[in-house]
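Peer 1: sequence? don't have it. structure:
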Ligand SMILES: C[S@@+](CC[C@H](N)C(=O)[O-])C[C@H]1O[C@@H](n2cnc3c(N)ncnc32)[C@H](O)[C@@H]1O
């Protein structure tokens, strides 16, 4: 059983875990898998920013969502319940939690559970923080994942996962069943992040053209502006942050062919956006599914927009 102390190496993720950014992002990941499960072979998921997999959360967004009628039966609620079900079905909860804290399964635990449920063929996890990697090892070694342990891989030999995956894409190491998820910290607001944005420009172009050729299944990028709502609104509704910085949010979105582009924008105190790239024949169905599956959180969000 995981213990609270196993999960708390210092990280800014902890204070955000379970917030509305996480919840909608995770609903999008799960919606994509459900949509892909309606078709051919189950996907191989690659997470470029895996995170800890399991979090101790006391975030007010999570506490509010869990109280919503319909949350427990929602795709997210059911995935969370499955992750913390009694072993050997699930992880069985976290011991030592303090008053007001609840367990929250991050993307890695949810994807690993999807592998276990047979809705994903494999999960490859990257995270450049050694402390986070150690927690990931601990999480995927839990007994509930023993039957699929060989299909859960933590990659260790790299610096920034963006460069690593870009070179893997160039080497043709991904195929038509791979789904790549990028979940970086904020990178669209600072001149200092220009190199990162340029890398994302190349990644978006590579992923979009491969998805168009059906040589890659899907890719997604999560955007956050942190607490800078002014920057978010300039990017979401105006001419772009600071007049549209090079390779900024709007420029990155414009690199995707409109027939393959889905952008989900939402707000609960902070603004978030998720770019999802899928082949044109998948797009309409996925938009409908995201609309349906995110509806549970609608009462709590001041904005939820799915731009197809
Ligand atoms: C927002 S958290 C991930 C949350 C997780 N995907 C989830 O939804 O549960 C971002 C993670 O990315 C890692 N990270 C940040 N920059 C990175 C980079 N350039 N390459 C690989 N990992 C990175 C951090 O260590 C952190 O664990």
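Peer 2: Now that the structure is in, tell me what you want to look at. Owing to the predicted nature of the structure, the values given are computational and were not obtained by experimental measurement. Numbers count the residues shown, from 1 in each chain.

Peer 1: can you tell me how far residue 255 is from the ligand?
Peer 2: 20 Å (CB to the nearest ligand atom, to the nearest Å). For every residue, glycine as well, the C-beta is placed using N, CA and C.

Peer 1: find the nearest non-adjacent residue to whichever residue of the stretch 201-308 of the chain sits closest to the ligand, please.
Peer 2: Per CB to the nearest ligand atom, residue 222 is where the stretch 201-308 of the chain lies closest to the ligand, at 7.6 Å. Nearest residue to residue 222, sequence neighbours excluded (CB to CB, 6 or more residues apart in numbering): residue 183, at 4.6 Å.

Peer 1: now residue 282
Peer 2: residue 35 (6.6 Å).

Peer 1: which other helices and strands contact whichever strand or helix holds the one you found?
Peer 2: Taking DSSP states H and E as the definition, one finds residue 35 inside helix 20-37. Contacts defined by 3 or more CB pairs under 8 Å, 6 or more residues apart in numbering; DSSP states H and E place helix 20-37 against helix 60-66, helix 75-83, helix 107-116, strand 178-182, strand 218-224, strand 261-268, strand 270-278, helix 280-294.

Peer 1: OK, contacts around the residue nearest to residue 222?
Peer 2: By CB atoms under 8 Å, 6 or more residues apart in numbering, the contact list for residue 183 reads 25, 47, 48, 49, 51, 107, 221, 222.

Peer 1: now do the contacts for the third one.
Peer 2: Listed by CB under 8 Å, 6+ apart, the contact partners of residue 48 are 126, 161, 162, 165, 180, 181, 182, 183, 184.

Peer 1: if we use 6 Å, what do you get?
Peer 2: 126, 161, 165, 182 (CB atoms under 6 Å, 6 or more residues apart in numbering).

Peer 1: over to the fourth one?
Peer 2: When contacts are counted by CB under 6 Å, 6+ apart, residue 49 touches 183, 184.

Peer 1: give me the contact list for the least confident helix or strand in the chain by mean pLDDT.
Peer 2: For the chain, using mean pLDDT, DSSP states H and E, the weakest element among its helices and strands is helix 13-16, scoring a mean of 76. Here helix 13-16 makes contact (CB under 6 Å, 6+ apart) with residue 51.

Peer 1: just how off-centre is it within its chain?
Peer 2: In terms of CA atoms, centre = their mean, to the nearest Å, the centre of helix 13-16 is found 14 Å from the chain centre.

Peer 1: and the residue of the stretch 101-250 of the chain found nearest the ligand, how many residues sit next to it?
Peer 2: Closest residue of the stretch 101-250 of the chain to the ligand, CB to the nearest ligand atom: residue 106 (2.7 Å). Residues lying near residue 106 (other CB atoms under 10 Å) number 25.

Peer 1: now it: closest residue in space, sequence neighbours ignored.
Peer 2: residue 51 (4.8 Å).

Peer 1: how many other residues sit next to the one you found?
Peer 2: 24.

Peer 1: surely it is in a helix?
Peer 2: No. The assignment for residue 51, made by DSSP: H, G, I helix; E, B strand; the rest coil, is coil rather than a helix.

Peer 1: any idea how far it lies from residue 187?
Peer 2: 16 Å (CB to CB, to the nearest Å).

Peer 1: check residue 174 too.
Peer 2: Taking CB to CB, one finds residue 174 at 22 Å from residue 187.

Peer 1: that older thread, redo the helices and strands packed on helix 20-37 as TSV? Include mean pLDDT and mean neighbour count.
Peer 2: Below are those laid out as TSV (pLDDT from 0 to 100; neighbours: other CB atoms under 10 Å):
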stretch	mean pLDDT	mean neighbour count
helix 60-66	96	18
helix 75-83	98	20
helix 107-116	98	26
strand 178-182	98	24
strand 218-224	98	24
strand 261-268	98	21
strand 270-278	98	24
helix 280-294	97	17
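
Peer 1: and residue 58, how many neighbours?
Peer 2: Neighbours of residue 58 using other CB under 10 Å come to 17.

Peer 1: what sits against it?
Peer 2: 100, 101.

Peer 1: begin at 29, not 1, for the rest of this chat.
Peer 2: Let's use 29 as the start, then, which means that last one is residue 86.

Peer 1: and the pLDDT at it?
Peer 2: You'll see residue 86 listed with a pLDDT of 93.

Peer 1: please apply the same query to residue 159.
Peer 2: At residue 159, the predicted lDDT confidence score is 90.

Peer 1: in this structure it contacts residue 37, no?
Peer 2: Yes. With contact defined as CB atoms under 6 Å, residue 159 counts as touching residue 37 (3.7 Å).
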